[in-house]
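Colleague: fold the stuff below for me.
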Amino acid sequence: MHGQSSIELITYISLGLIITLLFLAAVLPYENSIKAERKSVLGKELLWRVTAELNGAASVGNGYERTFALPQLLGDGTNYTLRIDAARQLVRIWWGEGEGGYGLPVITSNITGSFSYGANRITNSNGLVTVGAG
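Modeller: Sure, this is the predicted structure:
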């Protein structure tokens, strides 16, 4: 009798582990997709904030000056890079190790400088929007 109980217990535990492993195998692709989407949302959110700063500087005109901060990493700990493409009137962001990127237009091509982590200063002097460490 005791032998049969032991075999049944081992059988139930084995079935439970197999079901758990199958469930995890089914959920894993969705989890990776959610993580990738989260990085995309965080990157785009930061890019929207940066382009709003640049467009504000261009709209206000001569004499505009403002300092704002950029985080070292995105909210989930992912690294990122921001670049100004003045020729195409775009600001671009890339996140992770080539995991994704996005670009948004700005209202002027008269932009110079580059972004850095931490404080950034944006100025507008006679229509030229300049970005630099603040």
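Colleague: shaky segments in the chain?
Modeller: 1-2 (pLDDT under 70).
Colleague: tell me, what residue is most central in it?
Modeller: Centroid check for the chain by CA atoms, centre = their mean gives residue 43 as the closest residue, at 2.4 Å.
Colleague: contact partners for it?
Modeller: 74, 78, 80, 93, 94, 95, 100, 101, 102 (CB atoms under 8 Å, 6 or more residues apart in numbering). Yep, even glycine has a C-beta here, placed from its N, CA and C like the rest.
Colleague: tell me the contacts of the fourth one?
Modeller: With contact set as CB under 8 Å, 6+ apart, residue 93 has these partners: 43, 44, 46, 47, 50, 80, 81, 82, 83, 101, 102, 103.
Colleague: mind checking which of the residues you listed are in strands?
Modeller: 80, 81, 82, 83, 101, 102, 103 (DSSP state E).
Colleague: bridging residues for the fourth one?
Modeller: In other words, residue 83. Beta-bridge pairing of residue 83 under DSSP bridges involves residue 92.
Colleague: among the contacts of residue 93, which ones are buried?
Modeller: Buried subset of these (neighbour count, 16 or more other CB atoms under 10 Å): 43, 46, 47, 50, 80, 82, 101, 102, 103.
Colleague: gap between the nearest residue to the fifth one once chain neighbours are set aside and residue 74?
Modeller: Distances taken as CB to CB, 6 or more residues apart in numbering place residue 95 nearest to residue 80, at 4.4 Å, with adjacent residues excluded. Remark: distance between residue 95 and residue 74 (CB to CB, to the nearest Å) = 6 Å.
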